[in-house]
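Asks: Build the 3D model from these lines:
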Amino acid sequence: MSKICQTKLLLVLLSNFKGKNVILYFYPKDNTKGCTLEAINFKDNYEEIKEKDIIILGVSKDSVKSHVNFINKYNLPFILLSDEEGKVCELYGVWKMKKRYGREYMGIERTTFLIDKKGNIIKKFPKVKIPGHVEEIMEQLSFA
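Replies: Numbers count the residues shown, from 1 in each chain. Sure, this is the predicted structure:
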């Protein structure tokens with residue numbers, strides 16, 4: 001199945017991952033400096049994470065088309081889910097008031113959740129700082 005097809009099919013099927021260990025990471029926007037670096041860091045550790053039988057899912061409010069371009073541009077081996085309406089972001093509490101250059105606005109607070117096979121959140125990493133984040137996650141992967 002192509003990455004394009006995967007992205008379209010998985011748009012609304014987050015619950016299908018019950019029974020799997022999941023790294024669920026929320027990020028603000030495709031193709032921005034920080035989000036690209038974060039995705040590449042996950043890509044660089046993908047094989048080790050996959051060996052632990054863990055699935056990586058990235059979520060943003062970008063469109064499916066944007067995700068397809070982002071996946072293809074950086075050859076990302078994991079799934080990106082489109083939450084254009086922000087329902088999943090709100091459900092996980094990552095849609096928040098943010099402040100940048102003195103301006104307040106609503107946006108995704110970069111957050112990662114480790115979810116066990118039963119669908120329980122076992123670890124939350126709020127307000128993620130990208131440098132060292134994937135390494136921090138790797139230290140927590142004993143739940144797999």
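
Asks: can you list contacts of stretch 29-38?
Replies: Residues external to stretch 29-38 that are found in contact with it (Cβ atoms under 8 Å, 6 or more residues apart in numbering): 25, 27-28, 60-62, 66-67, 69-70, 73-74, 80, 110, 128, 130, 133-134. In short, each C-beta sits where N, CA and C put it, glycine included.

Asks: Any of those buried? List them.
Replies: For the contacts of stretch 29-38, a neighbour count by 16 or more other Cβ atoms under 10 Å gives the buried set as 25, 27-28, 60-62, 66-67, 70, 80, 110, 128, 130, 133-134.

Asks: From those, which land in strands?
Replies: Residues of the buried ones among the contacts of stretch 29-38 located in strands (DSSP state E): Y25, S60, L80.

Asks: measure the first one to D116 for me?
Replies: In this structure, Y25 and D116 are separated by 16 Å, where distance is defined by Cβ to Cβ, to the nearest Å.
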